[in-house]
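# sequence unknown, structure follows:
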Ligand SMILES: NC(=O)C1=CN([C@@H]2O[C@H](COP(=O)(O)OP(=O)(O)OC[C@H]3O[C@@H](n4cnc5c(N)ncnc54)[C@H](O)[C@@H]3O)[C@@H](O)[C@H]2O)[C@@H](O)CC1
Ligand SMILES: [K+]
């Protein structure tokens with residue numbers, strides 16, 4: 001099963017893995033043509049009704065693989081309004097090849113005749129809301145025929161994720177869907193063929209630019225939409241919570257506060273005017289602070305617990321008590337990680353251990369990343385939390401899904417990069433589910449590190465990563 005959003009991400013990842021979209025479209029169209037061959041013999045009459053998006057593009061390709069059929073293609077709308085280059089190029093191929101391919105601008109002019117087969121390539125995963133004109137009239141016309149109706153990817157008008165339609169929809173006899181089942185199709189009473197279109201497994205297993213699409217920022221965004229993060233850290237180390245906080249801001253959080261000992265607050269006060277401090281007395285986290293930190297945490301979307309906390313017994317005990325009583329979302333990093341296996345919490349945790357910390361948590365690791373991915377997935381399932389295990393290949397697992405991140409470089413073993421990753425994960429967990437937030441955080445953090453090394457060579461500083469996170473989080477940057 002794959003959702004439309006995930007399919008778009010995988011499609012983009014495939015492109016980044018040297019399998020361009022136009023090749024996917026060619027494979028999709030070819031799969032549709034093969035389905036027509038199973039429905040009717042050569043010479044049969046086929047009408048292809050195409051929309052202006054890539055669903056239509058697939059249908060144009062299918063027509064090219066049916067030269068021994070009596071095929072006519074009807075584009076709903078003007079050719080100039082075709083929304084993608086790859087669909088337009090496939091339209092132009094039909095026109096250049098003098099296929100029977102015409103554009104109709106209103107469905108009243110759409111005369112489908114009495115074909116043996118109709119290929120419904122009007123709309124696929126790009127549909128939003130009830131079918132508008134001319135698609136609505138065209139769908140009704142298609143439903144009125146006694147032809148075999150074959151829908152491309154999804155019956156037009158049906159939401160691929162829910163199987164529902166907001167109005168009229170094509171009643172298909174058969175659907176050829178691509179790459180993987182769509183959740184909404186199993187709800188329909190229709191024969192579904194899942195066609196392999198050559199998307200490498202790597203496009204799903206490895207993080208890539210497609211994973212950033214989920215971050216699309218709605219234009220009309222308001223302050224507070226992108227979340228408020230509370231960093232709970234500092235103790236023997238003062239820089240770590242500041243790095244995590246600045247990273248959370250750069251990764252898109254609207255506001256970040258740091259709950260830290262007074263001794264730490266005095267140190268980092270001058271670091272940056274972007275940091276809002278909530279000091280508690282003393283020089284390390286202890287159980288008497290837990291109540292206040294919990295009520296502070298309640299006013300934030302995500303907590304980042306751990307940077308620079310140190311590993312005094314009473315600090316670890318306090319971290320454990322905080323997690324026992326906290327029921328929100330928390331990124332747990334550094335010294336706080338070791339208490340996670342003991343806590344029994346309602347909280348949603350996103351743990352970011354390196355391999356040494358993973359072992360201290362009771363997990364197993366392995367030099368080979370494939371073996372490591374399996375071990376981490378099993379441990380995540382046992383823990384019941386999301387794990388992001390840092391390494392040359394980062395492994396992200398929640399017990400159901402596993403993803404591997406290949407961005408990053410040896411220069412990133414310098415101190416502080418873990419705090420930057422934790423802060424970025426905290427900001428992303430405000431706007432994404434924790435597993436996705438972890439995958440995107442690993443991908444962007446490594447990408448920022450690669451950009452830093454590309455520009456300055458090795459000798460990377462954690463602050464170099466922070467400055468490069470915004471670019472690393474944009475799916476349009478190369
Ligand atoms: N994502 C992938 O991996 C692949 C996708 N492919 C095809 O690409 C399709 C998705 O293409 P697109 O994203 O371009 O979207 P679609 O082609 O599904 O539809 C987008 C077009 O329909 C219009 N539209 C949206 N809602 C409408 C409504 N309610 N009434 C009338 N018109 C409406 C939009 O304005 C846009 O022009 C998939 O269904 C599949 O057929 C394939 O090429 C293979 C690979
Ligand atoms: K369709």
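Thanks, I have the structure now. Just so we're clear, the structure is a prediction, and the values are computed from it rather than from any experiment. Ligands and ions are numbered 1, 2, ... in the order given.
# How far off centre is stretch 53-72?
31 Å (C-alpha atoms, centre = their mean, to the nearest Å).
# Also stretch 371-380?
Distance, centroid of stretch 371-380 to centroid of chain: 21 Å (C-alpha atoms, centre = their mean).
# Give me the mean pLDDT for that stretch.
Averaging pLDDT along stretch 371-380 gives 98.
# buried stuff in it?
For stretch 371-380, a neighbour-count test (16 or more other C-beta atoms under 10 Å) marks 372-377, 379-380 as buried. Where you see a C-beta, it was placed from the backbone N, CA and C, and this is true even at glycine.
# nearest to ligand 1, of the residues you listed?
residue 373 (24.0 Å; C-beta to the nearest ligand atom).
# Confirm that that closest one sits in a helix.
Yes. Residue state for residue 373 (DSSP: H, G, I helix; E, B strand; the rest coil) corresponds to a helix.
# Would you map the strands across the stretch 51-200 of the chain?
70-76, 100-104, 117-121, 148-152, 174-178, 191-195 (DSSP state E, counting those that start in this stretch).
# Report the separation between residue 208 and residue 474.
14 Å (C-beta to C-beta, to the nearest Å).
# sorry, back to before: I'd like the strands of the stretch 51-200 of the chain written out as TSV, with mean pLDDT, distance to residue 44 and mean neighbour count added.
As requested, the strands of the stretch 51-200 of the chain are arranged in TSV below (pLDDT from 0 to 100; distance: least, C-beta to C-beta, whole Å; neighbours: other C-beta atoms under 10 Å):
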stretch	mean pLDDT	distance to residue 44	mean neighbour count
strand 70-76	98	7	22
strand 100-104	96	14	17
strand 117-121	98	6	29
strand 148-152	98	9	28
strand 174-178	98	15	24
strand 191-195	97	18	15
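# Out of those strands, which is closest to residue 301?
strand 174-178 (35.9 Å; C-beta to C-beta).
# So that closest one, near ligand 2 or not?
No. Against ligand 2, strand 174-178 shows no contacts by C-beta under 5 Å from the ion, the least distance being 7.9 Å.
# Just confirm yes or no for that strand near ligand 1.
Yes. Interface with ligand 1: strand 174-178 contributes residue 178 (C-beta under 6 Å from any ligand atom).
# That strand pairs with which strands?
Note on strand 174-178: by DSSP bridges, its sheet partners are strand 148-152 (parallel), strand 191-195 (parallel).
# Give me the distance from it to the chain's centre.
Counting by C-alpha atoms, centre = their mean, strand 174-178 is centred 23 Å from the centre of its parent chain.
# Ok, stretch 378-394 next?
18 Å.
# Stretch 183-198 now?
22 Å.
# So for that stretch, first residue to last residue, what's the gap.
21 Å (C-alpha to C-alpha, to the nearest Å).
# Mind listing residues that contact that stretch?
With C-beta atoms under 8 Å, 6 or more residues apart in numbering as the contact definition, stretch 183-198 has outside contacts at 1, 3, 19, 23-24, 27-28, 31-32, 34-35, 151, 154-155, 158-164, 172-181.
# just the buried members of the residues you listed?
Buried members of those, scored by 16+ other C-beta under 10 Å, are 19, 23-24, 27-28, 31-32, 35, 151, 154-155, 158-161, 163, 172, 174-180.
# Need the three-state assignment for residue 412.
The three-state assignment at residue 412 reads helix, by three-state DSSP.
# Please look at it and residue 448 and confirm they touch.
No. With contact defined as C-beta atoms under 8 Å, residue 412 does not reach residue 448; the gap is 9.1 Å.
# more neighbours, the two?
A count of neighbours by other C-beta atoms under 10 Å puts residue 448 above the other of residue 412 and residue 448, at 31 against 26.
# give me the residue from the stretch 201-350 of the chain nearest ligand 1.
residue 203 (9.1 Å).
# Let's have the strands of the stretch 51-200 of the chain in CSV, adding distance to residue 305.
As requested, the strands of the stretch 51-200 of the chain are exported to CSV (distance: least, C-beta to C-beta, whole Å):
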stretch, distance to residue 305
strand 70-76, 54
strand 100-104, 59
strand 117-121, 51
strand 148-152, 48
strand 174-178, 42
strand 191-195, 43
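# all helices for the stretch 251-400 of the chain, in order.
Using DSSP state H, counting those that start in this stretch, the helices of the stretch 251-400 of the chain run over 262-268, 287-298, 313-325, 355-360, 369-383.
# Make TSV from those helices and add distance to ligand 1 to it.
TSV is the format used below for those (distance: least, C-beta to the nearest ligand atom, whole Å):
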stretch	distance to ligand 1
helix 262-268	45
helix 287-298	39
helix 313-325	40
helix 355-360	34
helix 369-383	24
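# and of those, who's closest to ligand 2?
Closest approach to ligand 2 among those is made by helix 369-383 (35.5 Å; C-beta to the ion).
# and that closest one, how far from the chain's centre?
Distance of helix 369-383 from the chain centroid (C-alpha atoms, centre = their mean) equals 21 Å.
# residue contacts, the residue positioned nearest the centre of the chain?
With distances taken as C-alpha atoms, centre = their mean, residue 211 lies nearest the centre of the chain, 3.6 Å away. The contact partners of residue 211, taken as C-beta under 8 Å, 6+ apart, are 9, 13, 436, 439-440, 443.
# how about 6 Å then?
Residue 211 makes contact with 9, 439-440, 443 under the criterion C-beta atoms under 6 Å, 6 or more residues apart in numbering.
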